[in-house]
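> show me the folded form of this:
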Amino acid sequence: MRALAFTLALLSGMAEAQAPAPPAAAVQVDAAVPARANALLGLLKSAGSYDELFAPSFRAAISAEQFAAITAALTASLGKPVRIDTMAVPVRWHAQLAVEFERGSATMEMVLDPAPPHQITGLRIVDQVTHDDTLARVEADLRALPGTAAIGVYALQKGSPTPLLEVAGDRPQPLGSAFKLWVLAEAARQAGSQPDRWRQVVTIGPRSLPSGMLQAWPPASPVTIQTLATLMISISDNTATDTLMGQLGRTAIDRAAAATGLSTPVLTTREAFVLKGDVALRARWIALDPAGRTALLARDAPRFAVTPLGTGVFANGPVATDTVEWFASPRSTASLLDRIRVAGGNTARAIMSINPGVDPATAARFAYLGFKGGSEPGVLSLNFLVQTKSGHWFAVAIGWHRPDGFTSEAQLIPIATRTLQLLETR
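Okay, here's the model as predicted:
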């Protein structure tokens, strides 16, 4: 999920320059401000030079390729850019732009270098709104994606989640790192009967591959259970995940997974990487039923713990995304999110809200927004637990799978953002 988190950071304006304090006198608008605004509009239309428009400091933070991904996300959600509707200049060299697109609008803040040639040093997408959007349009856009895609949008009250929109709602989909929601739920369950469980200090286990940070820490460093869960959900730390799973116990995790719709046995990330990287071992895995797979993991545990992990396992695209994965349907994912809402406790819900998964403006529309995604080549999963400011709860589970190709965050994130915006006033 590192790429996904980075893309979201870009969308929320990672390269933002600090503006000076507003002056008391009226602002004199330099001709360079509207000129740069129009040049920005041209670049959004794929015309113009990225290097000429943006200052070196901005280009050091966001490359032309990354900016193209941002533009692709905007156009996927809002259509082609049309014009700049309004431009306000509250501070010299700092403009607020309302950019109209075919199907919506985006509010942007632009900061220019006071020195000629007045290149853009800061750009932030403050908000985006899709005009006349509906869940039916969301469904149509999701169905148009190549490969297989699924979505479930559910109202959460008493009883089972109530579907507002379902596409393949009961079909198990590969989850990538979104399986970590089940690990969080089991940690919360154990903490419910062991009040000091979150504060328990343990040592880091065998290293997995990034994403994350604990793989770079000294072996056997001490951490708390809550720290492991926090890193697992907020930055999708794989080593934290595996260490936490070892503390919770495979039997407990598998029992909970089987009862809540997740495929079993539940692999650690290290086990998944080893299986994906070893063709012969993977063939054995595929030929076994769940009980046989559990036995294989137990019998070969020393091998899984010490096998070197190759960073190039995904160099040629998706690897065994339909066999060596974690699988659950949108409906099962929503039920798990509802369980976290009702019985997970404040700690688990707080952990889920650290990384909201969408731009800050969208997150600010809600009283609560929890998120966990998952991604690897060919797999993309976005899952949200939200409470509106009027007090209503919803779960959103979106999955996209292409066993023979790549899934684009720039295409799926706007669909998720639009879905959340449609729930805001329900």
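> burial count for the nearest residue to residue 109 once chain neighbours are set aside?
Leaving aside its sequence neighbours, residue 109 sits nearest to residue 124 (CB to CB, 6 or more residues apart in numbering; 4.6 Å). Every residue, glycine included, has its C-beta placed from N, CA and C. Residue 124 has 20 neighbours, counted by other CB atoms under 10 Å.
> following element in sequence after the helix or strand containing residue 124, please.
Using DSSP states H and E, residue 124 sits in strand 120-130. Sequence order places helix 135-143 as the next helix or strand after strand 120-130, per DSSP H and E.
> for that next one, packing partners?
Counting contacts by 3 or more CB pairs under 8 Å, 6 or more residues apart in numbering; DSSP states H and E, helix 135-143 packs against strand 148-156, strand 162-167, helix 409-423.
> rank those by pLDDT, which is bottom?
Note on the helices and strands packed on helix 135-143: lowest mean pLDDT is at helix 409-423, with a mean of 92.
> return the distance of the residue lying closest to residue 205 once chain neighbours are set aside relative to residue 325.
Nearest residue to residue 205, sequence neighbours excluded (CB to CB, 6+ apart): residue 243, at 4.1 Å. Distance, residue 243 to residue 325, by CB to CB, to the nearest Å: 21 Å.
> ok, these two, which is more surrounded?
Taking other CB under 10 Å, residue 243 and residue 325 do not tie; residue 243 has more neighbours (27 against 24).
> surely the more buried one is in contact with residue 229?
No. Assessed by CB atoms under 8 Å, residue 243 is found out of contact with residue 229, at 10.3 Å.
> of all the helices and strands packed on helix 135-143, which one is nearest residue 60?
For residue 60, the closest of the helices and strands packed on helix 135-143 is helix 409-423, at 21.8 Å, according to CB to CB.
> go through the closest one and flag the buried ones.
Judged by neighbour count (16 or more other CB atoms under 10 Å), helix 409-423 contains these buried residues: 409-423.
> same thing with stretch 249-268?
250, 253-254, 256-257, 260-268.
> and the furthest pair within those?
Farthest-apart pair in the buried residues of stretch 249-268 is 261 and 268; separation 19.4 Å (CB to CB).
> what bits of the chain have low per-residue confidence?
Scanning the chain for pLDDT under 70 picks out the ranges 1-26.
> could you list the domains of it?
If you go by automatic domain parsing, the domain ranges for the chain are 2-130, 135-423.
> winner for burial among those domains?
The highest mean neighbour count among the domains of the chain, using mean count of other CB atoms under 10 Å, belongs to domain 135-423: a mean of 19.
> ranges for the strands of this structure?
With DSSP state E, the ranges of strands along the chain come out as 81-91, 94-101, 104-112, 120-130, 148-156, 162-167, 173-174, 201-203, 222-224, 327-328, 366-376, 379-388, 393-401.
> and the last one, which strands flank it?
It refers to strand 393-401. Pairing partners of strand 393-401, with direction, according to DSSP bridges: strand 148-156 (antiparallel), strand 379-388 (antiparallel).
> what's the answer for the second one, then?
For strand 94-101, the paired strands and their directions (DSSP bridges) read strand 81-91 (antiparallel), strand 104-112 (antiparallel).
> show residues contacting the shortest one.
The set of residues external to strand 104-112 that reach it, using CB atoms under 8 Å, 6 or more residues apart in numbering, is 13, 16-17, 19, 32-33, 36-37, 40, 74, 77-79, 85, 93-99, 118-131, 133.
> now with 7 Å?
Here strand 104-112 makes contact (CB atoms under 7 Å, 6 or more residues apart in numbering) with 17, 19, 32-33, 36-37, 40, 74, 77-78, 93-99, 118-131.
> same check, this time on the longest one
Counting contacts by CB under 7 Å, 6+ apart, the residues outside strand 81-91 that touch it are 19-20, 22, 27, 29, 33-34, 37, 41, 44-45, 95-102.
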